[in-house]
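Student: Let me see the structure of the following:
(2 chains)
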Amino acid sequence: MPHYISLIFIFIAGIIGFYVFSYDTNFQIGVAFALASAYVSWGIIHHTIHKDICLSVVIEYVTVAILGIVITLSLIYRI
Amino acid sequence: MEKLIHFLLPRESNNHKAKILHSSSLLVLASFLVLFQIVLNLLPKLNPSILGYASNISPSEVVRLTNEKRAAAGLSALSLNQELSAAAYTKGQDMIAKDYWAHIAPDGTEPWKFFKDFGYKYRYAGENLARDFSNANDAVNAWMNSPAHRENMLNPKYKEIGIGVVEGDLAGVDTTIVVQFFGAMYTDKIVQPIAQAAKTEKTVVLTVAPTIIPTAIPISIQTIEPQVRSQILISPFTTTRTLSLIVVAILLLVFIVDAVLVSKRRITRVAGRTFAHVVFLGMILSIILILKAGNIL
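Tutor: Residues are numbered from 1 along each chain as shown, chains lettered A, B, ... in the order given. From the prediction side, this is the model:
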């Protein structure tokens, strides 16, 4: 459970970042990449600790992160 | 129907994980979204007036809101200067004509050139730009949220304001540009003691430049209002936002249903944590809802 709290905390910080720096698209792009990286890192660390890490799991986190990045960047680009 | 169940619900045929949640499907989905953006970029080449942002921004409303923000900060109101408005409008037209979105034009033309072209001899000058906002309030709030633009709006050195709202085609998209020019003339300093008194704006104008008044208020400048375009078919931002919302909502729903069914059936599988994916997509959903159309410079 503490793992999930840290993940939720990271995401809340990201949402606040997007809201507060709504005028700075470069900052938002940076935040989007940072959040996606944090998410993948969290997945790898979490599964390593639980000893159930494997390539397919890592790929799953990476693909979900890629999808998140594509959605966020396409919106930032259209602002 | 079978295919739909295969895509959306976990069962033996999809290795007990909804097919749409497989990494390969997620990559296809991401590729589809990228392709959608490429098609959206190509649309203006097929039909130049197909993309655009609906907007209804009145220059006088921008001035009113700006002065409202200044009053809240304890500053004096800026008086609308027709020369500045004309200069701002011309700057907007220049951006449309030369197809750029920047303070300095690609040919090196600086904003101050427009001040000088209209005979505005400034002691202090500033420029804020906004585009694609649907209303004046959103544009002014965006400027206020940005420290550099806020500094311009709340600068006590500025005495006058000029607003130009221009609609036109920018990079293939029908766009509304708001140019906000701030200024203080050399002569402002001379009449400063008078200006500090209440309701002295008219006195200042008369004292400062009797020669300006006849030339500075042409009707054509005073009535520069944006032409509201009614033929806008697709807003790139709204379309992208709607599609993103649909994709994320479907994925969230499928992830949750998938997790419930797998847990009920007591299926053990090698996969990422559904809760983490749901939280991540929840964050993406929040970001989609936070982002608004409109850009400032």
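
Student: contacts, neighbours, all on C-alpha from now
Tutor: Fine.

Student: Please identify the residues of the stretch 151-297 of chain B in proximity to chain A?
Tutor: Contact residues (Cα under 8 Å from any Cα of the partner chain) of the stretch 151-297 of chain B with chain A: B:236-237, B:240-241, B:244, B:270-272, B:276-277, B:279-281, B:283-284, B:286-288, B:290-296.

Student: which intervals of chain A have sub-threshold pLDDT?
Tutor: Along chain A, the model assigns pLDDT under 70 to residues A:1.

Student: Excluding sequence neighbours, find me the nearest residue to the closest residue to chain A within the stretch 51-200 of chain B.
Tutor: The nearest approach of the stretch 51-200 of chain B to chain A comes at residue B:146, 5.9 Å away (Cα to the nearest Cα). Distance criterion Cα to Cα, 6 or more residues apart in numbering or on different chains; nearest residue to residue B:146, sequence neighbours excluded, is residue A:23 at 5.9 Å.

Student: same question, residue B:149
Tutor: Nearest non-adjacent residue to residue B:149, counting by Cα to Cα, 6+ apart: residue B:143, 5.1 Å away.

Student: With residue B:249 instead?
Tutor: residue B:285 is the one closest to residue B:249 (Cα to Cα, 6+ apart), at 7.9 Å.

Student: Tell me which stretches of the stretch 51-200 of chain B form helices.
Tutor: Assigned by DSSP state H, counting those that start in this stretch, the helices in the stretch 51-200 of chain B fall at B:59-72, B:82-98, B:111-117, B:136-145, B:147-153, B:186-190, B:192-195.

Student: how about the residue in chain A sticking out farthest from the centre, phi and psi?
Tutor: In chain A, the residue that sits farthest from the middle, by Cα atoms, centre = their mean, is residue A:51; the gap is 22.1 Å. Backbone geometry at residue A:51, expressed as degrees, to the nearest 10, gives phi 60, psi 40.

Student: Quick check: which of the helices of the stretch 51-200 of chain B is buried the most?
Tutor: Comparing these by mean neighbour count (mean count of other Cα atoms under 10 Å in any protein chain shown), helix B:82-98 ranks first with a mean of 23.

Student: Can you show me the CA trace of that helix as CSV?
Tutor: Extracted as CSV, the C-alpha positions of helix B:82-98 are listed here (Å, rounded to 0.1, in the frame of the first residue of the first chain):
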residue,chain,number,x,y,z
GLN,B,82,-6.6,54.7,-30.4
GLU,B,83,-3.1,55.0,-31.8
LEU,B,84,-2.0,52.0,-29.7
SER,B,85,-5.1,50.1,-30.7
ALA,B,86,-4.4,50.7,-34.4
ALA,B,87,-0.8,49.7,-33.9
ALA,B,88,-1.9,46.5,-32.0
TYR,B,89,-4.3,45.7,-34.8
THR,B,90,-1.7,46.2,-37.4
LYS,B,91,0.7,43.9,-35.5
GLY,B,92,-2.0,41.2,-35.5
GLN,B,93,-2.5,41.7,-39.2
ASP,B,94,1.2,41.5,-39.8
MET,B,95,1.3,38.1,-37.9
ILE,B,96,-1.5,36.7,-40.1
ALA,B,97,0.0,38.1,-43.3
LYS,B,98,3.5,36.8,-42.6
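
Student: neighbouring contacts of it?
Tutor: Where contact means Cα atoms under 8 Å, 6 or more residues apart in numbering or on different chains, the residues beyond helix B:82-98 that reach it are B:101-102, B:105, B:111, B:114-115, B:117-120, B:161-166, B:168-170, B:177-183, B:216-217, B:221-222, B:224.

Student: How far away from the center of its chain is it?
Tutor: 18 Å (Cα atoms, centre = their mean, to the nearest Å).

Student: That helix vs helix B:59-72, what angle?
Tutor: Here the directions of helix B:82-98 and helix B:59-72 differ by 120 degrees (axes from the mean of the first three to the mean of the last three Cα atoms, to 10 degrees).

Student: Give the rounded mean pLDDT of helix B:82-98.
Tutor: Helix B:82-98 carries an average pLDDT of 91.

Student: gap between the residue lying closest to residue A:4 once chain neighbours are set aside and residue B:41?
Tutor: Residue nearest to residue A:4 in three dimensions, not counting chain neighbours: residue B:276, with 7.3 Å by Cα to Cα, 6+ apart. Per Cα to Cα, to the nearest Å, residue B:276 is found 34 Å from residue B:41.

Student: I appreciate the help and will end here.
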